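Asker: Coordinates for the following, if possible.
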Amino acid sequence: MLNQSYFICSQRESTSCFDTIKKSWGEVEAEGRKDNGLSLLTKTFHFCRELKSTGDLIDWLESAYSYLAMVDYPYPSSFMMPLPGHPIREVCRKIDDSPEGSSVLERIFAGVSIYYNYTGTASCFELDDDPHGLDGWNWQACTEMVMPMSSDKETSMFPPYDFHYSDYEQDCWRTFSVLPRPRWVTTEFGGHDIRTALRTFGSNMIFSNGLLDPWSGGSVLQNVSDTITALVTEEGTPFFSF
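Answerer: Next comes the predicted model:
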């Protein structure tokens with residue numbers, strides 16, 4: 001859902017930005033296969049330590065795009081990182097306005113620097129930093145909220161990816177020594193038919209959503225009854241922006 005949100009936002013801001021990001025994954029892999037390729041990528045993206053694989057770089061880039069989707073506020077903020085207003089627009093501007101002759105990967109680095117180094121104070125980047133404590137979210141996803149996500153080769157700007165539960169299960173065990181509970185949320189809270197459940201058991205509820213929040217797609221965006229209403233703001237931001 002987050003990746004899809006960034007895909008929509010970047011394409012809305014700039015088709016050429018979308019195309020550059022889409023092309024960059026193949027460029028990363030091609031560069032990594034060269035002699036001394038990982039060293040060249042380390043230098044291009046200003047990492048403090050030598051890259052061990054192109055997968056580490058791809059994860060780093062995907063993280064920036066996903067987090068930008070969560071904080072694409074129309075005003076400056078510092079919820080995740082210090083960022084300008086409309087940060088996805090600024091990322092695309094950096095990518096599109098890179099000096100003539102810049103490579104695809106140089107353009108990508110200029111763009112993601114809006115997220116990782118908007119203040120200009122970082123001299124190099126650590127791949128394994130978790131300054132926001134987001135590993136707690138990964139724990140919750142493994143133990144309570146399994147959310148299958150994938151990306152399509154033809155329509156997405158992200159690398160093609162198919163969700164396989166067995167791989168997800170192995171990753172949760174490898175990282176946290178826990179096994180996912182894919183039915184926990186619906187067992188605990190219901191939700192297979194949320195509109196029917198709300199009409200049957202709910203009343204006096206307001207679902208407030210801003211469509212700049214990528215998670216809004218999983219919320220209630222239409223009135224369910226006279227006492228269960230949806231307030232939708234097209235340019236509204238996520239609730240945690242305040």
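
Asker: quick one: secondary structure of the residue nearest the centre of the chain?
Answerer: Central residue of the chain (CA atoms, centre = their mean): S66, 1.2 Å from the mean position. Secondary structure of S66, reduced to three states by DSSP: H, G, I helix; E, B strand; the rest coil: helix.

Asker: C-terminal to the helix or strand where E106 lies, what's the next element?
Answerer: Using DSSP states H and E, E106 maps to helix 104-116. Once helix 104-116 ends, the next helix or strand along the chain (criterion: DSSP H and E) is helix 135-143.

Asker: Next, count neighbours for the residue lying closest to S102 once chain neighbours are set aside.
Answerer: Once flanking residues are discounted, S102 sits nearest to A110: 7.5 Å by CB to CB, 6 or more residues apart in numbering. No exception for glycine: its C-beta is placed from N, CA and C like everyone else's. Neighbours of A110 under the rule other CB atoms under 10 Å: 18.

Asker: distance of A110 from Y116?
Answerer: The spacing between A110 and Y116, counted by CB to CB, to the nearest Å, is 11 Å.

Asker: Give me the next element, helix or strand, following the worst-scoring helix or strand of the chain on mean pLDDT.
Answerer: Least confident helix or strand of the chain, by mean pLDDT, DSSP states H and E, is helix 2-13 with a mean of 53. Per DSSP H and E, the first helix or strand lying C-terminal to helix 2-13 is helix 15-32.

Asker: Now tell me what touches that following helix from outside.
Answerer: 7, 10-11, 37-38, 40-41, 44, 51, 53-54, 57-58, 61, 65, 91-92, 95-96, 103-105, 107-108, 111, 156-159 (CB atoms under 8 Å, 6 or more residues apart in numbering).

Asker: Which secondary structure state does R89 sit in?
Answerer: Here R89 is recorded as helix under three-state DSSP.

Asker: so how far is L198 from it?
Answerer: Relative to L198, and taking CB to CB, R89 is found at 36 Å.

Asker: And for T44?
Answerer: For T44, the distance to L198 - CB to CB - is 50 Å.

Asker: Check D72 too.
Answerer: 29 Å.

Asker: neighbour-wise, which of the two wins?
Answerer: Legend: neighbour count by other CB under 10 Å for D72 and L198, higher for D72 (26 against 19).

Asker: any idea which element the more buried one lies in?
Answerer: Judged by DSSP H and E, D72 forms part of no helix or strand.

Asker: I figured it hits H86, correct?
Answerer: Yes. Counting by CB atoms under 8 Å, D72 does reach H86; the two are 6.8 Å apart.

Asker: Leaving out sequence neighbours, find the closest residue to N117.
Answerer: F125 (7.6 Å).

Asker: dump the residue contacts of that neighbour.
Answerer: Under the criterion of CB under 8 Å, 6+ apart, the neighbours of F125 are F45, H46, F47, C48, W60, Y116, N117.

Asker: And it, how far from T15?
Answerer: Per CB to CB, F125 is found 28 Å from T15.
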